[in-house]
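Undergrad: coords please:
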Amino acid sequence: MRGDGYYDWDTGLNKTFAMTERAKLQLRWEMFNVTNSVRFDPHSVSATLDNQPNFGYAHTPLTNKRIAQFAARIEF
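TA: So this is what the prediction gives:
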């Protein structure tokens, strides 16, 4: 069996501000799986006729849900 394959698009933005002559503040925003695409593992598809209500049902996703994280960093 073949599946759709793995599709995941990650991105991030950052900006660095000078606080003093030697100190800097860096702000970051990163997102994982921006499009929130769901791809299922083809090996998790129920392909037996023993349990007919679940026949052809994919149980395990390959991709994670959309995740965003924010970070602040002070460099000196």
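
Undergrad: mind listing what's buried in stretch 18-34?
TA: The neighbour-count check on stretch 18-34 (16 or more other Cβ atoms under 10 Å) flags 31-33 as buried. Quick note: C-beta positions are derived from backbone N, CA and C, even for glycine.

Undergrad: tell me which element the residue in the chain sticking out farthest from the centre falls in.
TA: In the chain, Glu21 marks the outermost C-alpha relative to the chain mean, sitting 37.3 Å out by Cα atoms, centre = their mean. Counting by DSSP states H and E, no helix or strand carries Glu21.

Undergrad: next one: the one 5 residues further on
TA: Under DSSP H and E, the secondary-structure element containing Gln26 is strand 24-32.

Undergrad: contacting residues around that strand?
TA: Residues outside strand 24-32 that contact it (Cβ atoms under 8 Å, 6 or more residues apart in numbering) are 8, 10-19, 64, 66-76.

Undergrad: and if you look at stretch 52-64?
TA: 3, 6-8, 32-33, 37-49.

Undergrad: Recalculate using a threshold of 7 Å.
TA: 6, 8, 32-33, 37-41, 44-46, 49 (Cβ atoms under 7 Å, 6 or more residues apart in numbering).

Undergrad: How far does it sit from its chain's centre?
TA: Here the centre of stretch 52-64 is set off from its chain's centre by 19 Å, with Cα atoms, centre = their mean, to the nearest Å.

Undergrad: And it, end to end?
TA: Across stretch 52-64, the terminal residues are separated by 28 Å (Cα to Cα, to the nearest Å).

Undergrad: Next, the buried residues of it.
TA: So, applying 16+ other Cβ under 10 Å, buried residues of stretch 52-64: 58, 62-63.

Undergrad: was I right about Thr35 contacting Asp10?
TA: No. Assessed by Cβ atoms under 7 Å, Thr35 is found out of contact with Asp10, at 10.3 Å.

Undergrad: No further queries at this time; thank you.
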